[in-house]
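1. Using only what follows, build the 3D model:
(chains A and B)
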2 protein chains.
Amino acid sequence: MAKKFTAIERLECSLCGKSYDPFEIQNLCQCGGSLVARYDLEEAKENMDKRNMSKRVLSPWRYHELLPLRDPRNIVTLGEGMTPLLQMKHLGEKLGLKDLMIKNEGMNPTGTFKARGATAGVSKAKELGIESVTVPTNGNAGAAWATYAARAGMESYIIMPRNGPEIARKEITAAGSHAYLVDGRITDANVISEQLNQDYGIFNAATLKEPYRLEGKKTMGLEIMEQLDWEPPDVIAFPTGGGVGLVGIYKAIRELNEMGWIHDSKTRMVCVQAAGCAPITEAWEKKERESVMWEESDTVAFGMNVPKSKGDFMVLESLYSSGGYATSVDDNDILSTKQMITKEEGLFACPEGSSAVAGIKKLLDQGFIDPSDKVIVLNTGSGLKYPDTVRTLMPLLQPGDEISIEIEENQES
Amino acid sequence: MAKKFTAIERLECSLCGKSYDPFEIQNLCQCGGSLVARYDLEEAKENMDKRNMSKRVLSPWRYHELLPLRDPRNIVTLGEGMTPLLQMKHLGEKLGLKDLMIKNEGMNPTGTFKARGATAGVSKAKELGIESVTVPTNGNAGAAWATYAARAGMESYIIMPRNGPEIARKEITAAGSHAYLVDGRITDANVISEQLNQDYGIFNAATLKEPYRLEGKKTMGLEIMEQLDWEPPDVIAFPTGGGVGLVGIYKAIRELNEMGWIHDSKTRMVCVQAAGCAPITEAWEKKERESVMWEESDTVAFGMNVPKSKGDFMVLESLYSSGGYATSVDDNDILSTKQMITKEEGLFACPEGSSAVAGIKKLLDQGFIDPSDKVIVLNTGSGLKYPDTVRTLMPLLQPGDEISIEIEENQES
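-> Residues are numbered from 1 along each chain as shown, chains lettered A, B, ... in the order given. Alright, predicted model coming up:
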């Protein structure tokens, strides 16, 4: 018998456990719960060779048995994933960490890790015969879905709060999406997408109302483990808004553990939020199972401005199970850390990724992280998408002027 | 005897042929000519296995025998290169091409192919003990060098015309560079960098005054051939400002040909310039060996605004030798093509890359390219670096509003 491209078995409700068919169009469970993909991991294990993954295609689709697609011809790709995991020697020294690495997700198409969710979600939508999608978004996810929908020849309807970032508007417009602003918040955008679904049957691909972007984000975890030669690190820190990225990485760890590809999955997951929007951290501190809506949320890291995540309970469960930690850092700390990362390492980080580095520093001070721990931080996007977070002040010379370095160094001191 | 990491033999003057030692610091030949790296290709061939390149590191440094570094510990990397070569089915159909692919260099660190020049140049500078560099730049090259210098712990002095792009200023500042604007053109920036070199011994890494960024850009050609399983395409089109990218790709083809890794190197190189700055195309049309300074140059594709390239004669030689072509396209054409690429394929192209696609269309109409030709176009940068080239006009909804799709479609028609 021919090997199957996917080992997916079913979709399972994250609340009530009811099963659904992954080869039909699905959104939420009847009970309102998000659906999560479950695989036949024995079958996956038989068809995959841990030592020979490098012979496969240079793409997160190399892990196709652990992704939901039946037919490889439905893959919609722009060369996402396989992002570098970079040793941060200078930055680690500054922070007092011996072994710090950053996985730079800013090198994805659309400049953020959201491209992973979009390649999985749009490919699966294509396989299911879906011709148009709607996505309510704070910016980056909408840009990714608009982009991948264009690549697939699919219509997209992107709804975004009016204070959303200019660069995402540009990307969404350039991709030929039907794009709308709403004079409100992401919750208002949700309602409009839901209405589009009800009125016109347009598929609503809102986070965790759509089962597969989680699977795309899971590939960050698969890649990290492969890049570390299947040796789990001590800590993985993720900047957390909705938290699907963190949940996806931990799902990868669990699946690989069950397959026996990694052992003793000691990895502690760390959730870092912005002080101006930290509902999950607050819930974690109180050891709650769910978060409470964060009123008047505000942060420079717009990707983390999620006042109430539909997946909050999954993030919290990942933290509890892994012996992890949740913390928050304020915008000043985020911006000064961002500056430090780029100066020390040349990595033009985004505020979200910078917050995770700032969080690591805090947990080092608090003793949750040891200086000898192997720590992986996800930089979720490119600094190119956040030009307003850099202030420039460059001296203006006239042609023929000479630069006097002594004078400059005096000015600096 | 241990295998050598590099097979470099010498630097050769591109004008008079004089040899220089690649293990000492070099800029130009005494005669003023640019120095070009020459390798022992027999030795390289012995140490490399064409069929097993995929087992090597995921980086252009996998081709280390054909790069100038003696010791791998000097590699300064941010995960550049290995960019996707994407089939452009929809776009090809629009243009009337059966087999069109775009290599998306926008996925490099710093968002452009300039990262390749910087990884080669900064790594080699580190190996040679250089502690500070100066780069006169129109923007993207300076951003890449500032970034890689930061990664290396090296000082950088970046000089840029005051009308240079805002985003490059942000990157250069973020990387902690000593950054200056000059109230003039790139030629004025050149003079200031030269003066810094004379006054303080700061290494001047201006294009083609520094021998190794060409080698970094060569890796685009090496990757293309590996990605095509060592079957050369019919046409490679490159958006041409200074033209070092085009020269680098053709150098790769020649070296691979000499090594016997590719046969019948039928590939015709195509140089596309902006109509507002097309000195090399003008020279090609007159079958000259060199170009003439283009006065009052102007184009939306700022990376191509090079009125007189120091490497013009090498670009022209590559075109003549390969049976290639030079053409130019105007800014309107560039911008409408940019829009088409992103709508059809989701690839957020830069104006430079878009100009190359527009050029391909022109050469199809003129018959130089056949509809059945295999054509590779380089998209040299990410659209994220050119936000001003996209106009957005998004309807503003109020919370609770519903979208009426019929009405919208009427508005569009």
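2. distance of the residue positioned nearest the centre of chain A from A:Thr389?
-> The centroid of chain A falls nearest to A:Gly245 when counting by CA atoms, centre = their mean (3.9 Å). Separation of A:Gly245 from A:Thr389 (CB to CB, to the nearest Å) stands at 20 Å. (Each C-beta comes from the backbone N, C-alpha and C, glycine too.)
3. swap in A:Ser291?
-> A:Ser291 is 26 Å from A:Thr389, by CB to CB.
4. between those two, who's got more neighbours?
-> Between A:Ser291 and A:Thr389, counted using other CB atoms under 10 Å in any protein chain shown, the more crowded position is A:Ser291 (24 against 20).
5. isn't that one right up against A:Ser309?
-> Yes: with contact defined as CB atoms under 8 Å, A:Ser291 reaches A:Ser309; the gap is 6.8 Å.
6. overlap in contacts of these two?
-> Contact criterion CB atoms under 8 Å, 6 or more residues apart in numbering or on different chains; residues shared by A:Ser291 and A:Ser309: A:Pro279, A:Ile280.
7. Find the helix or strand that A:Ala144 is a member of.
-> helix A:140-152 (DSSP states H and E).
8. Now do that helix: which elements does it pack against?
-> Judged by 3 or more CB pairs under 8 Å, 6 or more residues apart in numbering or on different chains; DSSP states H and E, helix A:140-152 is in contact with helix A:114-127, strand A:132-136, strand A:155-161, helix A:166-174, helix B:331-345.
9. quick one: strands adjacent to the shortest one?
-> Each strand that strand A:132-136 pairs with, and the sense of that pairing, follows from DSSP bridges: strand A:155-161 (parallel), strand A:203-204 (parallel).
10. Let me know which of the helices and strands packed on helix A:140-152 is tucked in deepest.
-> Of the helices and strands packed on helix A:140-152, the one with the most neighbours on average (mean count of other CB atoms under 10 Å in any protein chain shown) is helix A:114-127, at a mean of 29.
11. pLDDT on that helix, on average?
-> Mean pLDDT, helix A:114-127: 98.
12. can you tell me which residues contact A:Lys126?
-> Counted by CB under 8 Å, 6+ apart, A:Lys126 has contacts A:Asn74, A:Val76, A:Ala152, A:Met154.
13. can you tell me how far the residue nearest to the centre of chain A sits from A:Ala301?
-> The value you get for A:Gly245 to A:Ala301, if CB to CB is used, is 13 Å.
14. what residue ranges in chain A score low on pLDDT?
-> A:1, A:407-413 (pLDDT under 70).
15. mind checking the SS state of A:Leu11?
-> Secondary structure state of A:Leu11, per DSSP: H, G, I helix; E, B strand; the rest coil, is strand.
16. for A:Ile369, same thing?
-> With three-state DSSP as the criterion, A:Ile369 reads coil.
17. Would you agree A:Phe113 is in contact with A:Gly245?
-> Yes: contact criterion CB under 8 Å: A:Phe113 and A:Gly245 qualify, at 6.0 Å.
18. what's the overlap in contacts for the two?
-> With CB under 8 Å, 6+ apart as the test, A:Phe113 and A:Gly245 both reach A:Lys217, A:Met220, A:Leu378, A:Thr380.
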